[in-house]
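Q: no sequence on this one, just coordinates:
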């Protein structure tokens, strides 16, 4: 069905809303969601543009939970960035598009997609929020809901920890390089934190894609979720028709539908016969 | 609440229903579920007792899906083991205990726990089945539902692929060493299969715990799911009360409740004051 998608079904990543995190093993590409967390995203971009993360490291890898990186000791100057950013856990659901899934969800009255992100919605209170699926990226905080500032970030590497929804600010999702965060050695200290004895996996650099020369960018496009093509993707995941499957589930969890991503270069390369 | 558990709340692993898989990085402990898949479990034990897996390797690590091991080329003799084992996807729900979760599930009419395993149940047809949570172990098969024989096994390393439920035989779950399977390099070939060029992660040995000298066993106990203590665990996961959480979910997914496992040695070591 993706082969039948119209070129307009694919949305190239906006370089102003894309981060590259360079690890020794490769580049992690993060798509930002300023429509859900404008202040946190702005603060993270301020930190990134000051090269705040360069030379910091992976701090924590907790099996079936999160990989976290940044400044564990809060020793590095935040420069021009805010020291605390108010919680951005929910938004008005009238402000964001929403493609609903037809199936029930354990945690929320409605789930679906908004732009390139999995979301939940409560029509009664007209609120929507990003949900903690695999690969989602959020802002670490202390007990105070306004204590996060983006200097510590995490990505989900296991079963969706949906209990975090509406408790912490999500700012985007990993669209390429998730394996680089999920295959890391688990930390031996409590909560999966790395000990002083290692391992040490440095962040070589973190950049806003717009600040990287065009030739060095990773050109990716994401399938628009408000398209017929994505509806077909949803249906194909709800009811698997390959010969291997004998009992199609007829249902799907919002975190079991990976939003398709492809190299944007393909758009410029018409295939034979097309 | 675990500190308040009675000794009888903990069930030591049955060495006849426990497998040890030795990888270069350590031991993976698998608790078997013969009550759900008696024939597959018996066949796997036959293979293990013939040292079938020794010297085979990890075949496949697909990010956010499964780690799979065994004989990818089907070249090794199965010896006395069956070449195909009939599908064991569901059981009669009257034959197995069931502790229900109160919360709705996307995929099944009811979910909960049976013994040490996450299960789903359909009261209308009186059937129950193991569900594909993180760490569950199953039997690879081809398109024919009866084509699995246990010579290829997989463990879930990502978001619960619940679409597999009732489509493939689950035989147990990893109770220790999950990180050894989840932190492996992802395969570069299609579906995460490793290429001929590696990596090669050998299975040094696979044994039934009962066949291992007592002193070399890993003494683990699992919290019984039919206890008040486990009800308290469920409730503590449905509504997190730590100061960090501001909006308790009030709900929980069956795959978001790790069944507690502890060293059985603790049982023999009364703490001061007790």
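A: Thanks, I have it. Computed from a predicted model, the values in this text were never measured in an experiment.
Q: Quick check: residue A:128 vs residue A:36, distance?
A: Distance of residue A:128 to residue A:36, computed by Cβ to Cβ, to the nearest Å: 8 Å. C-beta here means a position set from N, CA and C on the backbone, and glycine is covered the same way.
Q: Overlap of the contact sets of these two?
A: A:91, A:96, A:114 (Cβ atoms under 8 Å, 6 or more residues apart in numbering or on different chains).
Q: how far is stretch A:108-127 from where the chain is centred?
A: 16 Å (Cα atoms, centre = their mean, to the nearest Å).
Q: So for that stretch, first residue to last residue, what's the gap.
A: In stretch A:108-127, first residue to last residue: 11 Å (Cα to Cα, to the nearest Å).
Q: repeat for stretch A:132-145
A: 17 Å.
Q: Residues in a beta bridge with residue A:111, which ones?
A: Under DSSP bridges, the beta-bridge partners of residue A:111 are residue A:120.
Q: pretty sure it is touching residue A:128, no?
A: No: taking Cβ atoms under 8 Å as the definition, residue A:111 is not a contact partner of residue A:128, at 10.0 Å.
Q: tell me which of the shared contacts of residue A:128 and residue A:36 is nearest to chain B?
A: residue A:91 (14.8 Å; Cβ to the nearest Cβ).
Q: Count the neighbours of residue A:1 for me.
A: Residue A:1 has 13 neighbours, counted by other Cβ atoms under 10 Å in any protein chain shown.
Q: tell me the least confident of the shared contacts of residue A:128 and residue A:36?
A: Ranked by pLDDT, these bottom out at residue A:96 (94).
Q: Assess the claim that that one and residue A:115 are in contact.
A: Yes: proximity of residue A:96 to residue A:115 meets the contact threshold set by Cβ under 8 Å, at 7.4 Å.
Q: okay, and the common contacts of the two?
A: With Cβ under 8 Å, 6+ apart, residue A:96 and residue A:115 have common neighbours residue A:35.
Q: got the residue ranges for the helices in the stretch 51-200 of chain A?
A: Ranges of helices within the stretch 51-200 of chain A are A:178-182, based on DSSP state H, counting those that start in this stretch.
Q: So which bits of it are right by chain B?
A: A:61, A:63-64, A:89, A:103-107, A:133-135, A:142-143, A:145, A:158-163, A:165-167, A:178-179, A:182-186 (Cβ under 8 Å from any Cβ of the partner chain).
Q: Now, the residues you listed that are in strands?
A: residue A:61 (DSSP state E).
Q: thinking again about what came up before, show me the common contact partners of residue A:111 and residue A:128, please.
A: Common neighbours of residue A:111 and residue A:128 (Cβ under 8 Å, 6+ apart) are A:119, A:120, A:121.
Q: Now rank the residues you listed by neighbours and give me the top one.
A: residue A:119 (29 neighbours).
Q: How about the contacts made by that residue?
A: A:96, A:98, A:111, A:112, A:113, A:128, A:129, A:130, A:131.
Q: again, only this time at 6 Å
A: A:128, A:130 (Cβ atoms under 6 Å, 6 or more residues apart in numbering or on different chains).
Q: Could you report the neighbour count for residue A:92?
A: Neighbour tally, residue A:92, other Cβ under 10 Å: 10.
Q: Now do the buried residues in stretch A:139-147.
A: Neighbour-count burial for stretch A:139-147 flags A:139, A:140, A:141, A:145 (criterion: 16 or more other Cβ atoms under 10 Å in any protein chain shown).
Q: how many neighbours does the nearest residue to residue A:139 once chain neighbours are set aside have?
A: With Cβ to Cβ, 6 or more residues apart in numbering or on different chains as the criterion, residue A:139 has its nearest non-adjacent residue at 4.1 Å, and that residue is residue A:148. For residue A:148, the neighbour count with other Cβ under 10 Å is 25.
Q: centroid residue for chain A?
A: With distances taken as Cα atoms, centre = their mean, the residue of chain A nearest its centroid is residue A:173 (0.8 Å).
Q: Run a quick check on it versus residue A:135, I expect a contact.
A: Yes: if you go by Cβ atoms under 6 Å, residue A:173 and residue A:135 touch, sitting 5.0 Å apart.
Q: just checking, residue A:117 touches residue A:33?
A: Yes: the criterion here is Cβ under 6 Å, and residue A:117 meets it with residue A:33 at 5.5 Å.
Q: Report the secondary structure state of residue A:42.
A: helix (DSSP: H, G, I helix; E, B strand; the rest coil).
Q: how many neighbours does the closest residue to residue A:41 other than its chain neighbours have?
A: Sequence neighbours aside, residue A:34 is the residue nearest to residue A:41 in space, at 4.2 Å (criterion: Cβ to Cβ, 6+ apart). By the criterion of other Cβ under 10 Å, residue A:34 has 18 neighbours.
Q: any idea how far residue A:34 is from residue B:61?
A: 34 Å.
Q: quick one: which of residue A:117 and residue A:33 has more around it?
A: Taking neighbours as other Cβ under 10 Å, residue A:117 and residue A:33 compare with residue A:33 leading, 26 against 22.
Q: what's that one in contact with, if anything?
A: So residue A:33 contacts A:117, A:172 (Cβ under 6 Å, 6+ apart).
Q: list the buried ones in stretch A:200-210?
A: A:201, A:203, A:205, A:206, A:207, A:208, A:209.
Q: next one: stretch A:2-12
A: In stretch A:2-12, counting by 16+ other Cβ under 10 Å, buried: A:5, A:9, A:10, A:11.
Q: Which of those sits closest to chain B?
A: Distances from chain B to those, taken by Cβ to the nearest Cβ, are shortest for residue A:5, at 20.7 Å.
Q: does the residue nearest to that closest one when sequence neighbours are not counted sit in a helix or strand, and which one?
A: Closest residue to residue A:5 apart from its sequence neighbours, by Cβ to Cβ, 6+ apart: residue A:229 at 4.3 Å. Assigned by DSSP states H and E, residue A:229 belongs to helix A:228-238.
Q: which helices and strands does that helix pack with?
A: If you count contacts as 3 or more Cβ pairs under 6 Å, 6 or more residues apart in numbering or on different chains; DSSP states H and E, helix A:228-238 packs onto no helix or strand.
Q: Please compute how far it lies from its chain's middle.
A: 21 Å.
Q: just stretch A:83-97 next, same as before
A: For stretch A:83-97, the separation from the chain centroid amounts to 16 Å (computed by Cα atoms, centre = their mean).
Q: cool, and stretch A:238-247?
A: The answer for stretch A:238-247 is 28 Å, by Cα atoms, centre = their mean.
Q: start to end distance for it?
A: For stretch A:238-247, the end-to-end distance is 11 Å (Cα to Cα).
Q: Stretch A:230-244 now?
A: For stretch A:230-244, the end-to-end distance is 23 Å (Cα to Cα).
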